[in-house]
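# Pasted the sequence and its predicted model underneath.
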Amino acid sequence: MADQLADLKRIAIVPALNEEETVGRVIDEIRAFDPGFDIVVVDDGSIDRTAGVAADRGAHVLRLPFNLGIGGAMQTGYRFAFEHGYDIAVQIDGDGQHDPSQLPAILEPVLSGEADLCVGSRFAGESASKTTPVSSHSRA
């Protein structure tokens, strides 16, 4: 997988609202998985040091002037990824609820060509698949 990723421009989008206590650890965990990931933290109207902590860790920071919610923050992050020509984008919440060590499970179906999009869930039970690949040929 590392060989496949090395040839792709990749970014982790981290939406964050008042996550100064966790966003630095999240950035460090993403870099531990793959130092080649660019990271953009979308500061969704925080009133704490979320943006400063992220910038201190070397992440790109997009500051929204007020809280738009997860949808607005993610649209901003995906727009940034699109406008900057990224091949792969992943979402990892700034509060630490998403485990960056699970990125291989999310990326594998996409890198293998099995899917165009893969969604992971921390709510999936142990007997259920924790990822759901979606291809342009799939029917919802």
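Perfect, I can see it now. Residues are numbered from 1 along each chain as shown.
# remind me which residues of the chain are low pLDDT?
Scanning the chain for pLDDT under 70 picks out 1-2, 125-140.
# now the helices: where do they sit in this protein?
Per DSSP state H, the chain carries helices over the ranges 2-6, 23-33, 50-56, 69-83, 103-111.
# who wins for proximity to Leu62 among these?
helix 69-83 (5.7 Å; CB to CB). C-beta coordinates here come from the backbone N, C-alpha and C atoms, glycine included.
# Residues contacting that closest one, please?
Applying CB atoms under 8 Å, 6 or more residues apart in numbering, the contact partners of helix 69-83 are 11, 13-17, 40, 42, 44, 60, 62, 64, 68, 89, 91.
# which of these lies closest to Ser112?
The closest of the contacts of helix 69-83, once distances to Ser112 are taken by CB to CB, is Ala89, at 17.4 Å.
# Which residue, neighbours along the chain excluded, lies closest to the closest one?
Nearest residue to Ala89 in three dimensions, chain neighbours excluded: Ala81, at 4.3 Å (CB to CB, 6 or more residues apart in numbering).
# Near Ala12, how many other residues are there?
Number of residues near Ala12 (other CB atoms under 10 Å) recorded here: 27.
# let me fix that: Ile30
Ile30 has 24 nearby residues by other CB under 10 Å.
# With Leu103 as the reference, measure out to it.
Ile30 sits 8 Å away from Leu103, going by CB to CB, to the nearest Å.
# With Ala6 instead?
Ala6 is 15 Å from Leu103, where distance means CB to CB.
# Can you spell out which residues form a bridge with the residue nearest the centre of the chain?
With distances taken as CA atoms, centre = their mean, Gln91 lies nearest the centre of the chain, 2.2 Å away. Beta bridges link Gln91 to Ile13 when assigned by DSSP bridges.
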